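1. Show me the folded form of this:
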Amino acid sequence: MKQFIVLFFLGTMSVFAQEYKTDPVTVSAQRIPSLYSENARVLSIISKEDIQKTNASTINELLEYVASVDVRQRGTPGAQADISIRGGSFDQTLILIDGIPFNDPQTGHHNTNLPIDLNDINSIEVIEGASARSLGINSFSGAINIITNNSKSNNINASVKFGENAFQKYSVSGKTYLDNFSIFASYNKNKCDGYIDNTDLNSQSIYSGIGWAANELSVVYKFGYMDKKFGANSFYTPAYPNQYEEVNSLFNALSFKKIGDFNLDIAAYWRIHDDKFLLNRQIKDKFNFHTGNLYGIDVKSYISSFIGKTAFGFSFKQQEIKSTVLGKKLSSPEKISGENAYYKYSDSRSNIDFFIEQTYKYSNFMISAGALFNINSDYDNHTVGGIDLSYKLDENFTLFSSLNQSLRLPTFTDLYYSDPLHKPNPNLKPEFGLNIELGTKLSFEKLTAQIAIFKMIGKDMIDWVMPLDSTKWEPANLTEIINNGISGSIKYFPNFELLSDINISSFRVEYLYQFPEKTKLDGLKSKYAMNFLRHKINFAFDVMFFESLNLSINQSYSERLGTYVDFKTKKSKDFAPVGLTDIKLNYKYHYFDFYVEMNNIFDRKYMDISNLIQPGRWILAGINVKYE
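-> Here you go, the predicted model:
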């Protein structure tokens with residue numbers, strides 16, 4: 001299978017290489033913006049048009065359409081999901097909103113508690129592999145940069161979506177310009193009874209901002225708020241099917257940009273996140289409560305000179321938590337606002353990064369190298385670096401290679417979480433990785449393609465492990481991993497006429513294959529490190545009828561490494577491979593877009609996480625209205 005797909009990619013790329021002219025795309029998720037075709041990294045870009053063609057109702061579902069991304073969903077879509085890239089864990093993926101870090105210091109389970117709706121997104125950049133020197137620590141296995149509404153026109157959007165299991169989604173948004181000022185705002189409401197018992201969901205979010213721009217200067221303030229309540233059937237253990245969780249998140253960011261010969265970008269941000277967890281939703285006075293506080297400032301700049309482009313800057317980040325169970329014991333408990341309970345534990349740490357990066361281009365050759373120096377209040381100082389190389393064989397064909405180091409700090413859950421099945425380890429150290437890759441890209445007016453081979457060497461990897469004679473999981477720096485893989489993608493827009501007034505408008509295929517070369521578990525069971533996708537292939541195409549009716553078909557197939565213990569039989573089982581098919585039919589008429597969609601049309605039964613059954617067939621319909 002692997003050999004066939006690799007040959008398919010190479011053959012397809014060589015055929016299309018004879019036809020079309022280059023269409024440049026700029027990538028922003030790095031110190032110095034660059035063209036997609038010149039960038040020496042594997043990247044996936046999800047455009048606004050791509051978003052509209054998918055069946056996704058949430059960002060979590062949308063990311064499933066990228067082969068390198070592993071989305072392990074808990075409960076109804078939008079409740080909770082773990083996002084990982086290239087075999088990494090959910091704590092090893094950096095989430096950014098317009099380049100601003102959003103990772104939760106408590107746990108990566110909360111990284112997708114985002115205060116934005118799909119209608120707020122202009123595009124998403126998925127960066128594969130270690131990116132610490134370019135994006136900061138915790139971008140261990142990759143990063144996801146969500147670029148929000150940057151429309152240059154006045155617009156109003158409204159949408160309604162409804163379907164089986166009493167699913168309801170309502171959203172409204174708008175943006176207006178007045179001289180040099182712009183104002184935007186959106187509101188989103190999502191409600192569902194759930195697909196099985198205790199998987200109900202009730203969420204809402206607000207995202208807004210105001211901006212000013214003139215000549216080379218711009219200032220933008222953004223505000224977001226998210227509130228979510230959901231049934232958490234068997235989320236963390238099937239022994240308790242009546243688990244329940246409430247989370248809310250408040251996000252503020254103020255950014256200043258100057259472009260020109262000297263480019264400067266300053267962003268200050270603050271995120272506060274509350275998490276209330278009940279092991280049994282019927283027992284309302286017994287719960288864990290955590291409040292995470294994240295605030296900081298990023299300063300980055302770059303200048304152009306005869307030696308190329310030089311980027312430099314620093315970032316400061318403060319991470320804090322107050323909790324009923326996580327952290328170091330407080331000298332005296334603190335009352336939790338709005339609750340009949342008290343914080344009994346807390347912890348905090350400060351993080352400072354200094355970075356420098358140099359990019360030089362000569363003829364068709366480009367090199368980018370840099371380093372990041374990390375200072376943390378709880379750990380030793382560390383330096384990570386890397387180098388990217390690319391060479392344009394011609395206008396459309398680029399070869400690239402890269403070698404980059406990565407670094408991740410333990411979360412507060414890694415350090416302190418304790419219950420009857422888990423015990424803490426406050427002595428954890430940071431984990432380190434080295435990512436090596438080699439690949440090629442094609443970039444044309446109607447086609448983009450890329451394929452790469454990669455190797456990730458992990459050291460002091462953090463994993464929850466269990467000795468064979470124990471019944472408790474414990475986080476430890478014991479797991480050593482070498483992971484190899486191949487990833488590739490092809491996007492083609494042929495506008496090929498099948499019959500009169502029936503055209504194939506787009507075609508996309510993505511593939512990821514991974515195989516661990518070395519694992520060192522020392523007789524321990526591994527909870528996360530060896531549980532990732534071996535194969536994943538996504539295939540999609542769009543057929544346009546009479547220029548107004550569009551049919552989108554998305555097919556995926558995945559095989560997962562690792563095993564789990566079946567709760568009923570107590571026996572170890574492999575994760576079963578699964579193939580899923582989604583379809584969407586939408587009709588556009590003036591300002592209106594009517595659609596019907598069906599997810600998992602063959603009603604496959606499968607699990608991404610042990611003992612958690614995923615939704616079966618799900619039919620939904622809706623309408624979008626957009627006025628510009």
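
2. now residue 360: how far from residue 563?
-> According to C-beta to C-beta, to the nearest Å, residue 360 and residue 563 sit 48 Å apart. (Glycine included, C-beta is placed from N, CA and C.)

3. Oops, could you answer that again for residue 532 instead?
-> For residue 532, the distance to residue 563 - C-beta to C-beta - is 13 Å.

4. Check residue 464 too.
-> Taken as C-beta to C-beta, the span from residue 464 to residue 563 is 15 Å.

5. who has more neighbours, the two?
-> A direct count of neighbours by other C-beta atoms under 10 Å for residue 464 and residue 563 places residue 464 higher, at 22 against 16.

6. mind checking the SS state of the more buried one?
-> strand (DSSP: H, G, I helix; E, B strand; the rest coil).

7. Wait, it touches residue 477, no?
-> No. Assessed by C-beta atoms under 8 Å, residue 464 is found out of contact with residue 477, at 11.8 Å.

8. Do you have the strands of the stretch 51-200 of the chain handy? List them.
-> Assigned strands in the stretch 51-200 of the chain, in chain order: 69-74, 80-85, 93-97, 100-101, 121-128, 142-148, 155-163, 167-178, 181-192 (criterion: DSSP state E, counting those that start in this stretch).

9. Now mean neighbour count too, for the ones you listed, in CSV please.
-> Listed next are the strands of the stretch 51-200 of the chain as CSV, based on neighbours: other C-beta atoms under 10 Å:
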stretch, mean neighbour count
strand 69-74, 23
strand 80-85, 25
strand 93-97, 24
strand 100-101, 20
strand 121-128, 21
strand 142-148, 24
strand 155-163, 17
strand 167-178, 17
strand 181-192, 19
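
10. so which of those strands gets nearest residue 340?
-> Residue 340 sits nearest to strand 80-85 of all those, at 25.5 Å, using C-beta to C-beta.

11. ok, and the closest non-adjacent residue to residue 533?
-> residue 70 (5.1 Å; C-beta to C-beta, 6 or more residues apart in numbering).

12. again with residue 610
-> Nearest non-adjacent residue to residue 610 (C-beta to C-beta, 6+ apart): residue 564, at 3.3 Å.

13. How about residue 486?
-> residue 513 (4.8 Å).

14. Beta-bridge partners for that neighbour, please?
-> Beta-bridge pairing for residue 513 (DSSP bridges): residue 486, residue 535.

15. residues contacting residue 562?
-> 526, 530, 531, 532, 574, 575 (C-beta atoms under 8 Å, 6 or more residues apart in numbering).

16. Apply 6 Å and report the result again.
-> The contact partners of residue 562, by C-beta atoms under 6 Å, 6 or more residues apart in numbering, come to 530, 531.

17. cool, and residue 328?
-> residue 347.

18. Surely residue 221 and residue 256 touch.
-> No. Counting by C-beta atoms under 6 Å, residue 221 stays clear of residue 256, with 10.2 Å between them.

19. pLDDT at residue 235, what is it?
-> On the pLDDT scale, residue 235 is placed at 88.

20. can you check residue 15 too?
-> On the pLDDT scale, residue 15 is placed at 41.

21. Distance check, the nearest residue to residue 393 once chain neighbours are set aside against residue 579.
-> With sequence-adjacent residues excluded and distances taken as C-beta to C-beta, 6+ apart, residue 393 is closest to residue 399, at 6.5 Å. Distance from residue 399 to residue 579, counting by C-beta to C-beta: 34 Å.

22. Same question for residue 450.
-> In this view, residue 450 and residue 579 are 24 Å apart by C-beta to C-beta.

23. cool, and residue 543?
-> 21 Å.

24. What of residue 172?
-> Note on residue 172: its distance to residue 579, by C-beta to C-beta, is 36 Å.

25. again with residue 141
-> Going from residue 141 to residue 579 by C-beta to C-beta gives 25 Å.

26. Determine which residue of this protein is most distant from the centre point.
-> Relative to the centre of the chain, and counting by C-alpha atoms, centre = their mean, the farthest-placed residue is residue 500 at 40.3 Å.

27. Tell me the pLDDT of it.
-> At residue 500, pLDDT is 77.
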